[in-house]
Structures are given as C-alpha cells and as structure tokens.
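K.L.:
any chance you can model this:
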Amino acid sequence: MNTPERTMPPWDSDERASLESWLDFYRTTLAQKCDGLAEDRLRKASVAPSPLTLLGLVQHMAEVERNWFRRVLAQEDAPPIFTPDADPEDTDGGFDLAEDTGYEKALRIWQAETALARENCAARALDETSPFMGGQVTLRWIYTHMIAEYARHCGHADLIRERIDGRTGF
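P.N.:
Sure, this is the predicted structure:
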C-alpha cells in the first residue's frame, strides 16, 4: 500500500489550518513508519519487556481517533474496535494484537476513522464544545491533544522502526 507523501504544515496559515495540518502531518508520519514492512515485522515488539508494535500503534490510533472525534466530539455511541468487550472509557485500547487483524485491515479501519474525524470537525468552530468528564472540551483542545498523542507515538514508531531495519529520519 502506498503511503501518501508527507506535507510540511504551512508556516503562515490560520489557527485551524495549522492544527489540521499538523494532525495530518503526524498521521502520515505514522503511516510512513509502517510503510514497506512485512506483516511479521509490523507485529515485532520493540524491546522486552514492552509488547509495543507498529501494528499496535496503528490500531491504538484508530481507537483514539474514534474516542475523541466520535465519542467525545460528536457524542456518538461508538464501541471499541479491536477489543469489543473493553470499557468504552478506556482510551488506551488497541495495542494488543489479534490473530485475525492484520496491517491492511487495521490500516483501512484507521483511515476510515480519520475520514470520520475530518467529517465530524468540518462544520464545527474551534471554540465549539462537547460534554466531557463533567465539563466541556473544545475542538481546539481535542486537536491539540491529538497532535501531542500522535507526536508521542510517532516517536515510539521511530524507535521501533529503527530497531527493525535501521531506518530513521523519514
């Protein structure tokens, strides 16, 4: 599967375009970290005792996209994807690998969740709020949180990829 080219976020855009561009930048970065690897390598754990894998990161980010942009922002009833019996409040799901979920399937699910995220955000203002944990959360906060979430996990992905085949810096 061909990974889209990563575009540097514009240096002189408005706030919304900056937030959306940085989120897409990191989404593409994670996909690039997985690109060109065979299934067994995508399932390869980082370093003992951690079970963290590139496939697990893709699954996890599909769950995180679903949580923030569907459950929180849009207030949808969207059960967990990769662990259907998990508590929907558990946003740390997706890391565990199932035998019946390979990279191609996980990638399609993740891409579908990011497409739904974009749809759910399109008509909303950055200051628009949604109920969350007894308070209100803005779309701006969700975007900022997601950028941080992806940046953190892209760092993990970079280290895992370097351990697998030595590739860095892309």
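
K.L.:
nearest spatial neighbour of residue 93, chain-adjacent residues omitted?
P.N.:
residue 63 (4.7 Å; Cβ to Cβ, 6 or more residues apart in numbering). Placement of C-beta: from N, CA and C, glycine included.

K.L.:
and that neighbour, what does it touch?
P.N.:
Neighbour list for residue 63: 80-82, 91, 93-94 [criterion: Cβ atoms under 8 Å, 6 or more residues apart in numbering].

K.L.:
doesn't residue 101 make contact with residue 83?
P.N.:
No - Residue 83 lies out of contact with residue 101 (Cβ atoms under 8 Å); the separation is 10.5 Å.

K.L.:
and for residue 15, the neighbour number?
P.N.:
10 (other Cβ atoms under 10 Å).

K.L.:
how about it: what's its closest non-neighbour residue?
P.N.:
Residue 15's closest residue in space is residue 126 (Cβ to Cβ, 6+ apart), at 6.6 Å.

K.L.:
do the same with residue 162
P.N.:
Counting by Cβ to Cβ, 6+ apart, the residue nearest residue 162 is residue 168, at 5.0 Å.

K.L.:
for that neighbour, what are phi and psi?
P.N.:
phi -140, psi 170 (degrees, to the nearest 10).

K.L.:
quick one: contacts for it?
P.N.:
By Cβ under 8 Å, 6+ apart, the neighbours of residue 168 are 158, 161-162.
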